[in-house]
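In: Provided below for reference: sequence and predicted model.
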Amino acid sequence: MNRAISLRFSLVLALAAPSFFVEGCHSQASTSSSDIGVSSMLFIKRVTTTVTNGVVNIDVANGNGQVIDYSRYEPGGSLNILSPPRPDGTVTNLTGAFPTADFNGADVSFDGTQAVFSMMTTPDDHYHLYTVQLSPGSDGKYELHQLTAGDYDDINPMYMPGGLIGFVTNEMYTNMGTRADEYDHSRVVVQLATVSAQGGDAQRRLFPQSLSHSVAPFLRHDGKISYSRWEHLGATNDVKLFAANPDGTQMIAVAGQHGKPSNSLFSVKETQTPNVMIGIATDRERTIHAGALVQIDARNHADSVCMTGTAAQQQGHACLDEEHAQFTVLTPGVPLGSDPSPVGRYREPSVLPDGSILTSWAPGPVNDLNEQAATPPDFGIYHFDPSTQQNQLIYNDKQYWDLNAMAIAPRTEPPVIGSLQAAQDSSQAVTLGSINVTNTSLQETVSGAQFNSTPLNQALAQGAVAVRVIEGFSSESAKGVSMFGLTMDEGAAVLGETKVYPDGSWLAQVPPYIPMHLQPIDKFGMAIRNQRLWIQGSPGEDRRCVGCHESRTGQGVPALGQNPTVAEQTGADNFMEPVMTRVQNEYGWNVKVQPMLTQLCAGCHNSSTTTYYQITRTDPVTGKVTTYNIPYLDLSDTPVTAYYDKMVAVYPASYVSIFYPASMMMDMNTVVTGKVPPMWGVPENARGSALIEKINLRASDGTTAWPVSTHPLHPEDVGVTMTDAQRKVMVLTDDLGGQYWARDNTGFVPVAASQDPVAPTSQQ
């Protein structure tokens, strides 16, 4: 939509129905304080331009344009009150005692008398949490207290019921160290935590980890903490919404798991209508936290009580239907990707008491290229007024970014949710399981081997004999690794494979805190489906569900002991193995795979017998043209140089041969010549891998995955024997993600328990 930059968007927001917007000319006119229904607002100023020895530096993204990276310190910011909230209002700097500070998030208390905020005071400091009174004391000063400290960053604070403050932190707390994802992230990943508003770090609780950032927490009507989570699991690479209890238990999906208008949902706040939210829809890259305003309606529209009942009746998981969430883009002129935006981008909306919106907005281009153009985006604060359908200026200091605006006004405190977590003890298992793994609401089909476009529920009913539980880890655990190979998948270790009983039930005890995902598998050891969502639990937590992605608004899990499943009667399989034992269940290529290929396969498939195809790349900066020879099928350990995802690396010919055809599905801006082989190996999909089909698989009952009449066992058909266990190594190599690197071939050494804040020996 091509429109003049001077145009702004406004909207009519009806909280119980879809929202609509109209375009309106921006008005610079002053407005009365009654225009937004409150007498004052809190906001943050952040610096973008600094001058050192006459040299001007523009920092809008700290050189990194990811939507949820956060480590961007520039001195000179402030936390402020604007009263009344209009262009001629009075600005009060609450943090004038810290002239070199930078800020990363703030919130107003339920009674409107206090604020919590994240501040880094000097270049040698970290972001820590502080509280400040919003009215001056008898001495005219605003009382301020520091809540957290330590050699880590605490950001994005928010008030929670029961005197808690939720936030995110990059504090290390597993025996693998601080998460440091290898793909596109800053080198330290942030996770959720809480402290007491009174006790601060003395009552610090760390949530179970994901592999990627969990950021921008916001409060739900039911007292849960909701947040944006970067979901990186193989080909899945986006930002969704989740929620959890205040103690970190019972993490659930909220929206974005089943369709959304953009890659990422960010800076979300819930409106006065439960499960209806306002946030930013944007690309994952290069838009520096900014994008289009979007309304997210995750109510259960099939339940009249959830739609029309009281707030108390609308609480509960049954009223949250993330599977059928509805998205209304309120500013359709703003691109949902990283394309140039003629009408700018929005940041950090908040909901006013009357249901209208405060938001930051900047005109023109808004992305990391602003650093190169030496022109930072000009974020000011604006009000979307549903009564006038106009977008009115509230405040804009053009020397700063004006962000994180919110009303200073009392609001209802949600109910307190009692803690389900008795202790932060990593020796206490998490219970995972299903009542009936075949119960699924996913409208998918399964193909390959015994299945031919078979509906998922039928494939599970016909074929699921076990559930594989897979631990995920990132490059904090793989020394010297920045990518795990020719794949988007991160590190993986099999915690175990637990039996599916005749009633479809299964049950396992697994380590707490760590991220995991699941694969129901058939009798040949192949995944029937790969769950593309990390799950995790707190010590002692029960995370059983109904089925393999059952309807989120259907039957719940029965109370323990009521109509027990066969798995519950038999007892859970114990996968509580220490980390070094788990390392033995990984599949580093040169440790587990290459010796087998060298012994059984390389004699026939090597550099002398293979043909080659060519990958040609032109460097967009230098113009240099480079051609890479890729073997059609060479299963030896001969070194081969390959280009993948902006990197050049050397791997054995076997690894490149098997996984490069699937890697080429990523747009790498290359030219391909020569005969390209089939996808010998497909990450996370052994039954779709041509090599697995070629060798065929044999179950313990003697049956084969593909008929031997058309798929004779190979290499047996040429006089070489491959055992069933060796075949399963190849299946696991595919189903786990096609990684070359793992902890078992990178010299992994766990962090000592004494350095692990959740270890029993580390408790205060």
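Out: Yes, it's here. Residues are numbered from 1 along each chain as shown.

In: Walk me through the domains of the chain.
Out: 7-407, 430-587, 589-745 (automatic domain parsing).

In: how far does the first one sit from the chain's center?
Out: In terms of C-alpha atoms, centre = their mean, to the nearest Å, the centre of domain 7-407 is set 16 Å apart from its chain centre.

In: need the helices for this protein, in chain order.
Out: For the chain, the helices defined by DSSP state H cover 304-308, 370-373, 456-463, 566-570, 579-583, 594-600, 653-663, 690-695, 724-735.

In: in the fifth one, what counts as buried?
Out: It refers to helix 579-583. Neighbour counts using 16 or more other C-beta atoms under 10 Å place 579, 582-583 of helix 579-583 among the buried residues. C-beta coordinates here come from the backbone N, C-alpha and C atoms, glycine included.

In: swap in the third one?
Out: Buried residues in helix 456-463, counted by 16+ other C-beta under 10 Å: 456-457, 459-461, 463.

In: that older thread, the domains of the chain into JSON lines, with extra columns for mean pLDDT and distance to residue 413?
Out: Output for those, formatted as JSON lines (pLDDT from 0 to 100; distance: least, C-beta to C-beta, whole Å):
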{"stretch": "domain 7-407", "mean pLDDT": "84", "distance to residue 413": "4"}
{"stretch": "domain 430-587", "mean pLDDT": "88", "distance to residue 413": "24"}
{"stretch": "domain 589-745", "mean pLDDT": "95", "distance to residue 413": "44"}
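
In: out of those, nearest to residue 418?
Out: Closest approach to residue 418 among the domains of the chain (C-beta to C-beta): domain 7-407, 8.5 Å.

In: Now the most centrally placed residue in the chain: closest residue in space that isn't a chain neighbour?
Out: Geometric centre of the chain, nearest residue: residue 230, 1.8 Å, by C-alpha atoms, centre = their mean. Distances taken as C-beta to C-beta, 6 or more residues apart in numbering put residue 212 closest to residue 230, at 3.7 Å, once the chain neighbours are dropped.

In: can you tell me which of the helices of the chain comes nearest to residue 484?
Out: helix 653-663 (11.1 Å).

In: what's the angle from the closest one to helix 724-735?
Out: 40 degrees (axes from the mean of the first three to the mean of the last three C-alpha atoms, to 10 degrees).

In: what does helix 653-663 rub up against?
Out: 485-487, 589, 593-594, 597, 601-602, 605-607, 610, 630-640, 642, 644, 676-683, 691, 738, 740 (C-beta atoms under 8 Å, 6 or more residues apart in numbering).

In: same thing with stretch 740-749?
Out: 176, 473, 477-481, 483-486, 491-493, 583-584, 586-592, 651, 655.

In: Now, of these, which are buried?
Out: 176, 473, 477-478, 481, 483-486, 491-493, 583, 586-590, 592, 651, 655.

In: Sort out for me which of those are in strands.
Out: 473, 491-493, 651 (DSSP state E).

In: For residue 110, state which of those is nearest.
Out: residue 473 (38.7 Å).

In: Tell me the bridge partners for the closest one.
Out: Taking DSSP bridges as the rule, residue 473 bridges to residue 491.

In: Now do the same contact list for it.
Out: Neighbours of residue 473 in contact, by C-beta under 8 Å, 6+ apart: 176, 211, 490-493, 514, 743.

In: next one: residue 345
Out: 282, 287, 290-292, 334, 361-362, 366, 377.
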